[in-house]
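In: any chance you could fold what I've pasted below:
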Amino acid sequence: MKLYFPAILILFVIFSCNDDRANSKMDYAYFGGEIINPNSKFVILEKNEETADTIRLDGRNRFIYKIENLQKGLYTFRHGGEYQLILLEPEDSVLFRLNTLEFDESLVYTGKGAKKNNYIINEFLENEKNEKYILKLCQLKPKAYQKHIDSLRAKKLQKLERFNKKYGGSDLFNKIAKANINYSYYSSKEVYPFVHYGRNKGKFLKSLPKDFYSYRKHINYNDTFFKNYPIYQTFLRHNINTISLETHSNHSNEKGFNWGGLCYNLDRLHLVDSLIKNDDIKNQLLHHYALKYISLSNNKENNSIILKSYVNRSTDKKAKTTLTNYANSLKKLEIGSTLPSFKVLDYNNKEFEINSLVESPTVVSFWSHIYYDHFKKSQRKIKELKKKYPEVKFITINIDNIDAEKPKQTLKECRFKYNDQYLFKTPKETTEMLAVYPMTKTILLDENKKIVSPNSNMFTRNFEQQLLGLINR
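Out: Now for the predicted structure:
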């Protein structure tokens, strides 16, 4: 893979030399790159969730951009629904190269300021790999588990020390790098009681050593610097889960733990409201928990209770409207009702009304380029299920609001057939109408076009049992 772009690098050098003479403040940075298989013609640069600039790609899918009056810190760049963070400081001239088909995995930086960003992205990918390993470690007893994760943390700190000796990382870089290490470590502790074997999670939680969560007294639950940083957000969610379990187990007689329990989820919303003071952080957490509950529950009464609790606590009017509309959309997908009418297009641009395609037991699933790994896994899973259940029709719909040639090309490159593959004619409206969240959402219909299950998941253990039930109705 060729990582350097000679023409752009030469421009970097020229611009930097000119600016060295013209601007002694050095309060700017250059940001550029190349995108393989772009999903749009733009890169959006954000700071603190506010759009700083929308940058257009040239004919070779490249761009170069000067950020004036730079506020040093973490920026977010977005493209086609995907995003990643980049650390920019004065005098930086950072280029990246990525392939949208493997967005994070293919991302590589070059130029001045690249080393710190390559370090950060590599740590991000390493944390993703470590997650599976940590899930296995969670079956160990507390002292053994503590020893293993302490060792992982120590290795990361040593790696950071070696980096600083070699390259001399700035104070800002070290603040972020240490946060990566610490919040990853803290998250490992917070998930432990949930993943450890045994149904009585509350009892196990109470059996842990008294100092197991001693780091909590140093946690800033209202950290405005890291509020949009994924690893901080992930830690907060894990932390809220665990503290809510402590609270819930004190007034619940349940022997087993149920993620979908109404009482536990109300406890979580109450804890967020009482523990978090910053509105942005609080609203994000409230929305996350309420949306997750409602998206996985088929109980209308409980959904209404959770929605009311969320609406009473959140101050984000737009998010409250969005979640209310989402909950209302779910009500239209009740078991026994007919699937709402909408139009789809095949890859020959022929238009169909969705219910006209349903003449036998049918599974409707969805995919998006944003969730590329899910796309590949779901297409392979459907191929497998088609062989086992030939009497079932599998309709797969791309939900992206892009030209049909892009998903068509993706299917071709991955050698997936176009049979029973469609696109929404009106992606935004139909995605909202069908409440397509999470992406694993799968709808089961009988031969009379009636909804048998509005929210299945083909990757769950009982999905094939659901298919057999659908066939034998």
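In: in the stretch 201-350 of the chain, which spans are helices?
Out: 201-207, 230-251, 262-275, 279-296, 300-313, 317-331 (DSSP state H, counting those that start in this stretch).
In: check the stretch 51-200 of the chain too.
Out: Per DSSP H, counting those that start in this stretch, the stretch 51-200 of the chain carries helices over the ranges 103-106, 114-137, 142-167, 171-195.
In: got a markdown table for the ones you listed, with mean pLDDT, distance to Lys387 and mean neighbour count too?
Out: Glycine gets a C-beta too; all of them are placed from N, C-alpha and C. Converted to a markdown table, the helices of the stretch 51-200 of the chain look like this (pLDDT from 0 to 100; distance: least, C-beta to C-beta, whole Å; neighbours: other C-beta atoms under 10 Å):
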| stretch | mean pLDDT | distance to Lys387 | mean neighbour count |
| --- | --- | --- | --- |
| helix 103-106 | 90 | 30 | 16 |
| helix 114-137 | 92 | 29 | 16 |
| helix 142-167 | 96 | 41 | 14 |
| helix 171-195 | 96 | 34 | 19 |
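In: can you lay out these as TSV showing distance to Ser365?
Out: Formatted as TSV, the helices of the stretch 51-200 of the chain follow (distance: least, C-beta to C-beta, whole Å):
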stretch	distance to Ser365
helix 103-106	22
helix 114-137	24
helix 142-167	37
helix 171-195	28
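In: what sits against Leu445?
Out: The contact partners of Leu445, taken as C-beta atoms under 8 Å, 6 or more residues apart in numbering, are Leu339, Val358, Pro361, Thr362, Val363, Val364, Ile451, Val452.
In: for Asn457, see how far away the first one is.
Out: Leu339 is 18 Å from Asn457, where distance means C-beta to C-beta, to the nearest Å.
In: repeat for the second one
Out: Remark: distance between Val358 and Asn457 (C-beta to C-beta) = 20 Å.
In: and the residue lying closest to His238 once chain neighbours are set aside, what does it touch?
Out: Once flanking residues are discounted, His238 sits nearest to Glu190: 3.6 Å by C-beta to C-beta, 6 or more residues apart in numbering. Neighbouring residues of Glu190 by C-beta under 8 Å, 6+ apart: Tyr213, Phe235, His238, Asn239, Asn241, Thr242.
In: next: Pro38.
Out: Leu57, Asn61, His79, Gly80, Thr100.
In: mind putting these in TSV, pLDDT and neighbour count included?
Out: Formatted as TSV, the contacts of Pro38 follow (pLDDT from 0 to 100; neighbours: other C-beta atoms under 10 Å):
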residue	pLDDT	neighbour count
Leu57	95	17
Asn61	95	13
His79	91	21
Gly80	80	22
Thr100	89	21
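In: on that earlier part again, among the contacts of Leu445, which one has the most neighbours?
Out: When neighbours are counted by other C-beta atoms under 10 Å, Val363 leads the contacts of Leu445 with 26 neighbours.
In: torsion angles phi and psi at it?
Out: Dihedral pair for Val363: phi -110, psi 120, per degrees, to the nearest 10.
In: surely it meets Leu444?
Out: Yes. Contact criterion C-beta atoms under 8 Å: Val363 and Leu444 qualify, at 5.9 Å.
In: domain parsing for this structure?
Out: By the assignment in automatic domain parsing, the chain contains the domains 6-112, 343-471.
In: what's the first-to-last distance across the longest one?
Out: Put plainly, it is domain 343-471. End-to-end distance of domain 343-471 (C-alpha to C-alpha, to the nearest Å): 26 Å.
In: how far out from the middle of the chain is it?
Out: Put simply, domain 343-471 sits 21 Å off its chain's centre (C-alpha atoms, centre = their mean, to the nearest Å).
In: thinking again about what came up before, need the helices of the stretch 201-350 of the chain in TSV with distance to Tyr133 and mean pLDDT, can you?
Out: TSV is the format used below for the helices of the stretch 201-350 of the chain (distance: least, C-beta to C-beta, whole Å; pLDDT from 0 to 100):
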stretch	distance to Tyr133	mean pLDDT
helix 201-207	21	94
helix 230-251	16	95
helix 262-275	27	97
helix 279-296	25	96
helix 300-313	34	96
helix 317-331	35	94
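In: make JSON lines out of those and add mean neighbour count.
Out: Formatted as JSON lines, these follow (neighbours: other C-beta atoms under 10 Å):
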{"stretch": "helix 201-207", "mean neighbour count": "17"}
{"stretch": "helix 230-251", "mean neighbour count": "19"}
{"stretch": "helix 262-275", "mean neighbour count": "19"}
{"stretch": "helix 279-296", "mean neighbour count": "20"}
{"stretch": "helix 300-313", "mean neighbour count": "16"}
{"stretch": "helix 317-331", "mean neighbour count": "15"}
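In: tabulate the ones you listed (JSON lines), appending distance to Tyr75.
Out: Output for those, formatted as JSON lines (distance: least, C-beta to C-beta, whole Å):
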{"stretch": "helix 201-207", "distance to Tyr75": "38"}
{"stretch": "helix 230-251", "distance to Tyr75": "14"}
{"stretch": "helix 262-275", "distance to Tyr75": "27"}
{"stretch": "helix 279-296", "distance to Tyr75": "17"}
{"stretch": "helix 300-313", "distance to Tyr75": "30"}
{"stretch": "helix 317-331", "distance to Tyr75": "23"}
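In: least confident of the domains of the chain, on average?
Out: Ranked by mean pLDDT, the domains of the chain bottom out at domain 6-112, with a mean of 83.
In: how far off centre is stretch 194-203?
Out: A distance of 26 Å separates the centroid of the chain from that of stretch 194-203, by C-alpha atoms, centre = their mean.
In: same question but for stretch 324-339, I mixed them up
Out: Distance of stretch 324-339 from its chain centroid, counting by C-alpha atoms, centre = their mean, is 24 Å.
In: same question for stretch 73-85.
Out: Centre to centre, stretch against its chain (C-alpha atoms, centre = their mean), the figure for stretch 73-85 is 12 Å.
In: what residues does it touch?
Out: 31, 35, 38-40, 42-47, 49, 52, 86-88, 100, 103-104, 107, 120-121, 172, 176, 225, 228-230, 368-370, 400, 402.
In: pull out the buried residues from those.
Out: Among those, those classed as buried by 16 or more other C-beta atoms under 10 Å are 31, 35, 38-40, 43-47, 52, 86-88, 100, 103, 107, 120-121, 172, 176, 228-229, 368-370, 400, 402.
In: out of the contacts of Leu445, which sit inside strands?
Out: Thr362, Val363, Val364, Ile451, Val452 (DSSP state E).
In: now the last one: how far from Ile181?
Out: Distance, Val452 to Ile181, by C-beta to C-beta: 47 Å.
In: just to revisit the earlier point, as JSON lines, the domains of the chain with distance to Thr322 would be great.
Out: Converted to JSON lines, these look like this (distance: least, C-beta to C-beta, whole Å):
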{"stretch": "domain 6-112", "distance to Thr322": "16"}
{"stretch": "domain 343-471", "distance to Thr322": "9"}
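In: having no further points to raise, I will conclude here.
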